[in-house]
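Chemist: would you be able to build a 3D model of this:
(chains A and B)
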Amino acid sequence: MTKTAMAMTTTQARVAASLRRRYAAEMRFRAYGILAICIGLAFVAFLFTSIISKGYTSFQQTYIALDIDYSAELIDPEGTRAAQTLQAADYEAVIKASLKEQFPEVEGRASLRHLYGMISNAGEQLLRDRVVAKPSLIGTHERVWLLADDHVDTFFKGQIDRKLPESDRPISDEEIVWVDQWKAQHRAELRFNTAFFTTGDSREPEQAGVAGALAGSALTLLVTLLLSFPIGVAAAIYLEEFAPRNVWTDIIEVNINNLAAVPSIVFGLLGLAMFIQFFGMPRSAPLVGGLVLSLMTLPTIIIAGRASLKAVPPSIREAALGMGASRVQMVAHHVLPLALPGMLTGTIIGMARALGESAPLLMIGMVAFIVDVPHSLSDPSTVLPVQIYLWARSPERAFVERTSGAIMVLLGFLLVMNAVAVILRNRFERRWS
Amino acid sequence: MHSSTVVVVILLLASAAYQWAKSRSISLVGGTRGVRNLHSLPAYYGMYVALWCALPALALLGLWHLLGDRVVLQLVLAQMPTAFQQLPADQAGLLLNDIRNVVSGAVPMETARPEVVMAAHHWQTLSGQSNLAGGLLALCVAVLVGSLAVRSIKPDLRARNRVESAAEWALLACSGVAVLTTIGIVVSVLYEAIHFFHFVSPIDFLFGTTWSPQMAMRADQVGSSGAFGAVPLFTGTLLIASIALVVSVPIGLFSAIFLAEYAARGVRTVVKPLLEILAGIPTVVYGFFAAMTVGPLLRTVGESFGLTVASESALSAGLVMGVMIIPFVSSLADDMITAVPQSLRDGAYALGATRSETIRNVVLPAALPGIVGGVLLAASRAIGETMIVVMAAGLSANLTANPFEAVTTVTVQIATLLVGDSEFDSPKTLAAFALGLVLFLATLGLNIVALKVVRKYREQYD
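Modeler: Residues are numbered from 1 along each chain as shown, chains lettered A, B, ... in the order given. Below you'll find the model as predicted:
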């Protein structure tokens, strides 16, 4: 064998020997990638199962059937049937009487307090409304389904372990006995929780709903959309189609890119110092929230708008100009209609971000406890993510379920918005090739 | 007269002016057949006049409202008994608030003091008069300027050019909003921060190691001064942000490498959007997840190893924040890796390198500047993130590097100092603006560097 051939075989041998190691390294590297993706996807799955498993029960609520005796003595002893008397009557006593009648054996102040605490105080309002609407009910009997208190509800949904010692759970032994009795008599059942979607916030978990927060979010987003979409589109058009290349344009450009990465809480500081302190706008109002969020979403919309203007091929512009159109006509009649779907997609994505934003809204006072559903842009209100934050801080156990439920509602809205954006992109965006 | 009705009337006038000007321009040249003798299409004359009709009137109305309130206020104060005019500033402010509340109906007339009620009545009449006068004036201006503009229509009036230059100015103004926003942020935050530095020296603020912003009600109370040393906040922020980066950079980077270099097209189209779901989830949801699920989980796990983990630990906040940033890192890294030209890869393959060797020795070094830029952007996002840390990291300003303890961050302190009532003269509230200034400058610095790096990198392979 010649010398070179010897060298070749040793090289080949070395290569062959190292191949195993190198292929193993290859496999390892690949496995890291798969592992990373699996970890990422596992987080997604974990997050969703954790939220959904905690939250799906909030769409149902425990109701208890009581035989209500609309006794004339308790509601309207003088028999006048005047609206004012009916409004002011003590319906709590009516409910208490009905509970007492059902469990005559219960005695002692502590036990009675437990018994009366089983029914949510929303029940009084329900009875009041019924009687005021139909005074002829007085003196009759009726079976009414009343909202159970939050601790009864939590227990009935099986979220409290009955094997725990009595002191460790929010529901006492005798209450468990009553709930079981109601269950056996088919007097307790889970029903769809319409109140969750029709009422505002409440200190009582069983009466708290997201309607107020949803209305607040809608009003805030309306302001955001009305301000940021036109301004964002106009700014994108100016920068892409009209702006001369000079220092001023460069400043605007750098500025927009930086603004897109400024922490959202800083926009809250701006809103507080500028809109509320300097201009004296009302606190907690959707108007100010919308202003702050539109400043925050503006860079997103401008960047998306410029990208979709860039995607329109120059031949369109040249053809329009060649036919004698002015630059404004070229943009308004030809470029903008083609770029609009992309701009809308960017806007919807920006709106979805604004819908989930809460930090800047904390600064401008949209964290107040507000029961009423807001109806105008200056009514004090809160928004859905802030409502989630407020409920997450509440100590009552039943609010955990509410919080997760509200998160599911929020994620549902985000899902719809993103789906619309994707559909819009797939349907209307033209690929120029 | 309500100002919104005035606006509506002005808009109606403008649309009437549009029609009038359009038909006038046509009649000037003797009907539709003569349109070619006009400089612009008739609609442009309409728009030209409509703009003249609406814009000056609307500007006047806005200005009137901006200044009118102050004038009314001065007039009301001048009418009050002299005893009230000599009140010190803070009491005068309270009085003013009382009057405002009565005017807006927040406080019923019966419960207020008679002077206040009188002033409120006076206010209402004056502001009613002011609104009426402003509205009428605006309408007059609209009619007057509009009709003057109609008169100025001639066949050789360059209406289209004028309308278009107005449109271009409007577009320019819109793009200026972004600059105004930045100026607004800088001015408002800087102004309040400078105010804060009158109370606390910047040195104490930036290098002090105790943070307890509680201000005493009385001067003789224990610990009445409050301490504003922000170092514990900075270390807490850095601790949580670095935990987040330790979680997100490897996971994000490796998933980007896999998706860009290995994964089949089908896998990529499914996995990438799934991972990006993480970016679309609101931060408040992550905060709830960190506080309710991850925090307790870490505590149980820690206990089984004999470690004491606080239920609001830096670890749980950092971990969840890291999860939030994963898609951010991975999509940026993905962009950077796919921007590396195929020829570099082909060269490496031709030399006999395996795929992983190509990636490690060729693709990653080539993409490194871009990836570093992406990581810097991720870091700036982690520093500025608020809701996760507010809900999961706690409020205790510990100067510690132990991730199992509770720490607090700059954003948490801003949020807690400003939520609730805000009197703009106490160092406690103003401290939030000083922190905001630090946060803004830090993230701005990171962003500028990162964007510069990324841009330079992109240009390299374009």
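
Chemist: tell me the residue of the stretch 351-462 of chain B that sits nearest chain A?
Modeler: Proximity of the stretch 351-462 of chain B to chain A (Cβ to the nearest Cβ) peaks at residue B:384, 2.5 Å away. For glycine as for every other residue, the C-beta is placed from the backbone atoms N, C-alpha and C.

Chemist: tell me which residues are up against the host helix or strand of residue A:174.
Modeler: Using DSSP states H and E, residue A:174 sits in helix A:173-184. Contacts of helix A:173-184 with the rest of the structure, by Cβ atoms under 8 Å, 6 or more residues apart in numbering or on different chains, involve A:64-65, A:103, A:106, A:111, A:114-115, A:118, A:151-152, A:155-156, A:162, A:166, A:171, A:188.

Chemist: report the buried residues of that helix.
Modeler: A:175-176, A:178-179, A:182 (16 or more other Cβ atoms under 10 Å in any protein chain shown).

Chemist: longest helix in the chain, please.
Modeler: If you meant another chain, say so; for now it's chain A. In chain A, with assignment by DSSP state H, the single longest helix is helix A:3-55.

Chemist: hm, I was asking about chain B
Modeler: When chain B is parsed with DSSP H, its longest helix is helix B:159-199.

Chemist: can you name every helix or strand that that one contacts?
Modeler: Judged by 3 or more Cβ pairs under 8 Å, 6 or more residues apart in numbering or on different chains; DSSP states H and E, the packing partners of helix B:159-199 are helix A:211-237, helix A:247-259, helix A:264-270, helix A:286-310, helix A:327-330, helix B:42-79, helix B:427-460.

Chemist: taking the ones you listed together, which one is wrapped up most tightly?
Modeler: Burial of those is given as mean neighbour count (mean count of other Cβ atoms under 10 Å in any protein chain shown); helix A:264-270 ranks first at a mean of 27.

Chemist: before we move on, the earlier item: other SSEs contacting the longest helix of chain A?
Modeler: helix A:398-428, helix B:231-257, helix B:265-280, helix B:283-289, helix B:314-339, helix B:355-358.

Chemist: and the stretch 151-300 of chain A, which residues reach chain B?
Modeler: Applying Cβ under 8 Å from any Cβ of the partner chain, we find that the stretch 151-300 of chain A lies next to chain B at A:230-232, A:234-235, A:237-239, A:242-243, A:251-252, A:254-259, A:261-270, A:272-274, A:277-278, A:295, A:298-299.

Chemist: where does pLDDT dip in chain B?
Modeler: For chain B, the stretches flagged by pLDDT under 70 are B:1, B:83-90, B:104-110, B:214-225, B:420-424, B:462.

Chemist: how does it divide into domains?
Modeler: Per automatic domain parsing, the domain ranges recorded for chain B read B:3-157, B:227-457.

Chemist: which one of the ones you listed has the most crowded surroundings?
Modeler: Comparing the domains of chain B by mean count of other Cβ under 10 Å gives domain B:227-457 as most buried, with a mean of 21.

Chemist: find the residue closest to whatever residue of the stretch 1-150 of chain A ends up closest to chain B in space, skipping its chain neighbours.
Modeler: For the stretch 1-150 of chain A and chain B, the shortest gap (Cβ to the nearest Cβ) falls at residue A:33, measuring 2.8 Å. Nearest residue to residue A:33, sequence neighbours excluded (Cβ to Cβ, 6 or more residues apart in numbering or on different chains): residue B:258, at 2.8 Å.

Chemist: thinking the one you found is in contact with residue A:38, fair?
Modeler: No: using Cβ atoms under 8 Å, residue B:258 makes no contact with residue A:38, being 10.2 Å away.

Chemist: what distance do you get for the residue nearest to residue B:403 when sequence neighbours are not counted to residue B:398?
Modeler: The shortest distance from residue B:403 to any residue other than its chain neighbours is 4.3 Å, reached at residue B:315 (Cβ to Cβ, 6+ apart). Taking Cβ to Cβ, to the nearest Å as the measure, residue B:315 falls 13 Å from residue B:398.

Chemist: in contact with the nearest residue to residue B:283 once chain neighbours are set aside, which residues are there?
Modeler: Of all residues not flanking residue B:283 in the chain, residue B:387 sits nearest, at 4.1 Å (Cβ to Cβ, 6+ apart). Applying Cβ under 8 Å, 6+ apart, we find residue B:387 in contact with A:358-359, A:385, A:389, B:282-284, B:286-287.

Chemist: can I get the residues you listed in a markdown table with distance to residue B:199?
Modeler: Shown next, in a markdown table, are the contacts of residue B:387 (distance: Cβ to Cβ, whole Å):
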| residue | distance to residue B:199 |
| --- | --- |
| A:358 | 30 |
| A:359 | 26 |
| A:385 | 34 |
| A:389 | 30 |
| B:282 | 36 |
| B:283 | 32 |
| B:284 | 33 |
| B:286 | 35 |
| B:287 | 32 |
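
Chemist: which of those sits closest to residue A:22?
Modeler: For those, the closest approach to residue A:22 (Cβ to Cβ) belongs to residue B:286, at 40.7 Å.

Chemist: quick one, what contacts that closest one?
Modeler: Residue B:286 is in contact with B:320-321, B:323-324, B:387-388, counting by Cβ under 8 Å, 6+ apart.

Chemist: farthest-apart pair in these, please.
Modeler: B:323 and B:387 (13.8 Å).

Chemist: tally of neighbours for the residue of the stretch 1-150 of chain A closest to chain B?
Modeler: Using other Cβ atoms under 10 Å in any protein chain shown, residue A:33 has 22 neighbouring residues.

Chemist: how near is the spatially most central residue of chain B to residue A:231?
Modeler: The residue lying closest to the centre of chain B (Cα atoms, centre = their mean) is residue B:181, at 7.7 Å. Distance of residue B:181 to residue A:231, computed by Cβ to Cβ: 11 Å.

Chemist: now the closest residue to chain B within the stretch 251-400 of chain A, nearest residue through space, not along the chain?
Modeler: For the stretch 251-400 of chain A, the residue closest to chain B is residue A:263, as judged by Cβ to the nearest Cβ, at 2.5 Å. Residue nearest to residue A:263 in three dimensions, not counting chain neighbours: residue B:384, with 2.5 Å by Cβ to Cβ, 6+ apart.

Chemist: check the gap between the one you found and residue A:392 for me.
Modeler: 21 Å.

Chemist: just to revisit the earlier point, next one: the residue of the stretch 1-150 of chain A closest to chain B from residue B:246, what distance?
Modeler: From residue A:33 to residue B:246 the distance is 18 Å (Cβ to Cβ).

Chemist: mean confidence score for stretch A:295-314?
Modeler: Throughout stretch A:295-314, pLDDT has a mean value of 93.

Chemist: count of neighbours near residue B:204?
Modeler: Using other Cβ under 10 Å, residue B:204 is surrounded by 15 other residues.

Chemist: so it makes contact with residue B:228?
Modeler: Yes: the pair residue B:204 / residue B:228 is scored as a contact, 6.5 Å apart, by Cβ under 8 Å.

Chemist: so what does residue A:138 have for phi and psi?
Modeler: Backbone dihedrals for residue A:138, given as degrees, to the nearest 10, come out at phi -60, psi 130.

Chemist: report pLDDT for the closest residue to it other than its chain neighbours.
Modeler: Counting by Cβ to Cβ, 6+ apart, residue A:138 lies nearest to residue A:70, which is 4.9 Å off, once chain neighbours are set aside. If you check residue A:70, the pLDDT there is 83.

Chemist: wait, residue A:70 touches residue A:140, no?
Modeler: Yes: contact criterion Cβ under 8 Å: residue A:70 and residue A:140 qualify, at 5.8 Å.

Chemist: comparing those two, which shows the higher neighbour count?
Modeler: residue A:70 (24 against 12).

Chemist: so who does that one touch?
Modeler: Going by Cβ under 8 Å, 6+ apart, the list of residues near residue A:70 reads A:94, A:127, A:131, A:137-142.

Chemist: may I ask which two of those are separated the most?
Modeler: The two members of the contacts of residue A:70 with the most space between them (Cβ to Cβ) are A:127 and A:139, at 14.1 Å.

Chemist: need the residues touching each of residue B:181 and residue A:231.
Modeler: Common neighbours of residue B:181 and residue A:231 (Cβ under 8 Å, 6+ apart) are residue A:298.
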